[in-house]
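Enquirer: Sharing a model that was predicted from the sequence below.
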Amino acid sequence: MGEKSVALFERAREVMVGGVNSPVRAFKAVGGSPLFIAHGEGSKIWDVDGNELIDYVCSWGPLIAGHRPPRVMKAVTAALEKGVTFGAPTEPELRLAEKVCSFVPSIEKVRFVNSGTEATMSALRLARGYTKRDKVLKFEGCYHGHADPFLTQAGSGMATFDSPYSDGVPPAVAADTVTIPYNDLEAVRAAFKAHGKRLAAAIVEPVAGNMGVVLPLPGFLETLSELCATNGALLIFDEVITGFRLSAGGAQQTLGVTPDITCLGKIVGGGFPVGAYGASREIMRSVSPEGGVYQAGTLSGNPVAMTAGLETISLVENKYKALEAAGSRLEEGIDEGAEEAGVPVKVNRAGSMIGLFFVKGTVTNFKEAKKTKQDLYRRFHRAMLRQGVYLPPSPFETFFLSTAHTKEDLAATVAASRKAFMECRSSA
Ligand SMILES: *Cc1c(COP(=O)(O)O)cnc(C)c1O
């Protein structure tokens, strides 16, 4: 879009793989050159060429209170003044732990780590250590970070590049992962029949956010939970996106299904690199130093990051109704724009998470999500960018709203989407 971004990206490609540090950022799925971001404020970001954009990426979810919320900035600055890291216990980690345990129904004790990937990887190790079993059940299109056992049919990053498996994952590791379609109760029953007594865990995004947004059908999570319980397997909810996003207690509170282990990330760090996993006291007793499941981290529980998480969560804990209203308004606006232009789309939404698919019909699993017309998303994305709206650069990612998005932002976005859908039509 801008000359400066293009020039920086050229330099970046010389010294970083694909010019980026995480694949989807490279804009491969939408074409063009990624924007280099200079700064952000509230619902907006500015690139190095001075373009102002309404941001619906929000750093892929963490920024539920928008960019630089004053309350968070003030607390983080104060924390920085006291020292960046000690590798010893501090009060901010205790306060965030108390908050997490009080809000999330399944968590009595928590362990903080440094990313969502670490949270899911450690949660699986815990499930394996606790059950003394090896196998894990996962669902197509759900992404659980980039640890070996989860890199099978793993949603956005891999769907965008159309490679179902990663090189470098030993077949022996992949062999312990059983992958079945999301929302498919028959497949769930069959998987438990075949592997039930060898499953350490089933891991699932309770609302999927890495194949676009896909909601669980009634009975899906409930049945999964029942079958885990009767087979002695643990149910792991990967709430790295949905935790503190759908409600203060996450999807498990909203949907009324309680997992054995919960993984958190993104919002829990308020924009800093944080993840967490937690469970009942009894299960967590298996983790080192109390138990035999080893897991550690030099920077885990970092006081600056813990402060950011704590303040972010506190800032939004009463804002979920407003987030729902904003999500609903945007969903309706997008739907109307598409209808007017005569472009078939399906908008899936859970609270402040929105998934836009260029399909006719419903999207309830990865196979249906992959039917989205990627070339239309590409055109839509470009047209929105030109009008000052920054959407995720992949058709399989979630649009995230924050409490900083104003009615004016939403109205401008809806107006932009009308034009963008018209362009999709004229070039379809
Ligand atoms: C982002 C994400 C992860 C991985 O978190 P990172 O911090 O990127 O390692 C895991 N699970 C889900 C559901 C995610 O959306």
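Expert: Thanks, I have it.

Enquirer: Write out the residues of the stretch 201-350 of the chain neighbouring the ligand.
Expert: 205, 209, 210, 238, 240, 241, 265, 275 (C-beta under 6 Å from any ligand atom). Heads up, the C-betas are built off the backbone N, CA and C, glycines and all.

Enquirer: Angles on the backbone of residue 44, please.
Expert: phi -120, psi 150 (degrees, to the nearest 10).

Enquirer: about what we covered before: of the residues of the stretch 201-350 of the chain next to the ligand, which is the nearest to residue 218?
Expert: Lowest distance from residue 218 to these (C-beta to C-beta) belongs to residue 205, with 16.8 Å.

Enquirer: if I read this right, the closest one contacts residue 140, doesn't it?
Expert: No: using C-beta atoms under 8 Å, residue 205 makes no contact with residue 140, being 11.4 Å away.

Enquirer: Who has more neighbours out of the two?
Expert: Set residue 205 next to residue 140 and count neighbours by other C-beta atoms under 10 Å: residue 205 wins out with 26 against 23.

Enquirer: got the phi/psi numbers for that one?
Expert: Residue torsions, per degrees, to the nearest 10, at residue 205 are phi -80, psi 120.

Enquirer: Could you tell me which residues make contact with it?
Expert: Shown in contact with residue 205 (C-beta atoms under 8 Å, 6 or more residues apart in numbering): 139, 142, 143, 144, 237, 238, 239, 241, 242.

Enquirer: Tell me which of those residues fall in strands.
Expert: Among those, the residues falling in strands (DSSP state E) are 139, 237, 238.

Enquirer: Relative to residue 257, which of those residues is nearest.
Expert: Closest to residue 257, out of all of those and judged by C-beta to C-beta, is residue 237, at 8.1 Å.

Enquirer: quick revisit: output the ones in strands among the contacts of residue 205 in CSV; the columns should cover pLDDT and neighbour count.
Expert: Below are those laid out as CSV (pLDDT from 0 to 100; neighbours: other C-beta atoms under 10 Å):
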residue, pLDDT, neighbour count
139, 96, 29
237, 99, 30
238, 98, 32
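
Enquirer: can you redo the residues you listed as TSV with distance to residue 329?
Expert: Compiled in TSV, these are given as follows (distance: C-beta to C-beta, whole Å):
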residue	distance to residue 329
139	30
237	28
238	28
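
Enquirer: Can you tell me which of these is nearest residue 65?
Expert: Closest approach to residue 65 among the ones in strands among the contacts of residue 205 (C-beta to C-beta): residue 238, at 22.3 Å.

Enquirer: Wait, the closest one touches residue 144, no?
Expert: Yes: Residue 238 lies in contact with residue 144 (C-beta under 8 Å); the separation is 5.2 Å.

Enquirer: what number of residues lie near residue 296?
Expert: Residue 296 is flanked by 10 other residues according to other C-beta under 10 Å.

Enquirer: Give me the pLDDT for it.
Expert: We note a pLDDT of 98 for residue 296 in this prediction.

Enquirer: residue contacts, it?
Expert: So residue 296 contacts residue 288 (C-beta under 8 Å, 6+ apart).

Enquirer: Residue 213 - nearest residue in space that isn't next to it in sequence?
Expert: Spatial nearest neighbour of residue 213, chain neighbours left out: residue 355 (3.0 Å); criterion: C-beta to C-beta, 6 or more residues apart in numbering.

Enquirer: quick one: residue 54 is in a strand?
Expert: Yes: according to DSSP: H, G, I helix; E, B strand; the rest coil, residue 54 belongs to a strand.

Enquirer: ok, how many other residues are close to it?
Expert: By other C-beta under 10 Å, neighbour count at residue 54 equals 22.

Enquirer: close enough to count as contact, it and residue 391?
Expert: No: if you go by C-beta under 8 Å, residue 54 and residue 391 don't touch, sitting 9.4 Å apart.

Enquirer: OK, contacts around whichever residue of the stretch 51-200 of the chain sits closest to the ligand?
Expert: For the stretch 51-200 of the chain, the residue closest to the ligand is residue 116, as judged by C-beta to the nearest ligand atom, at 2.1 Å. Residue 116 sits next to 144, 145, 238, 240, 263, 264, 265, 266, 275 when contact means C-beta under 8 Å, 6+ apart.

Enquirer: what's in contact with the helix or strand where the fifth one lies?
Expert: What it means is residue 263. Using DSSP states H and E, the element containing residue 263 is strand 261-264. Strand 261-264 has contacts (C-beta under 8 Å, 6+ apart) with 100, 104, 106-107, 116, 119-120, 123, 126-127, 144, 201, 234-240, 243-244, 250, 252, 275-279, 283.

Enquirer: Sheet partners, orientation included, of it?
Expert: Strand pairing for strand 261-264, determined by DSSP bridges: strand 234-238 (parallel), strand 275-279 (antiparallel).

Enquirer: Now do it: distance to the chain's middle.
Expert: The chain centre lies 13 Å from the centre of strand 261-264; the measure is C-alpha atoms, centre = their mean, to the nearest Å.

Enquirer: Strands along the protein, start to end?
Expert: Using DSSP E, the strands of the chain run over residues 37-41, 44-47, 52-55, 109-113, 135-139, 177-180, 199-204, 234-238, 261-264, 275-279, 346-350, 353-357, 389-390, 399-400.

Enquirer: what distance separates stretch 40-49 from the centre of its chain?
Expert: Stretch 40-49 sits 21 Å away from the centroid of its parent chain (C-alpha atoms, centre = their mean).

Enquirer: Between the two ends of that stretch, what distance do you get?
Expert: 14 Å (C-alpha to C-alpha, to the nearest Å).

Enquirer: same question, stretch 346-366
Expert: 14 Å.

Enquirer: Tell me the gap between it and the middle of its chain.
Expert: With C-alpha atoms, centre = their mean as the basis, stretch 346-366 stands 15 Å off its chain's centre.

Enquirer: in that stretch, what's buried?
Expert: The neighbour-count check on stretch 346-366 (16 or more other C-beta atoms under 10 Å) flags 346-359, 363-366 as buried.

Enquirer: where does this protein dip in pLDDT?
Expert: Along the chain, segments meeting pLDDT under 70 span 153-164, 427-428.
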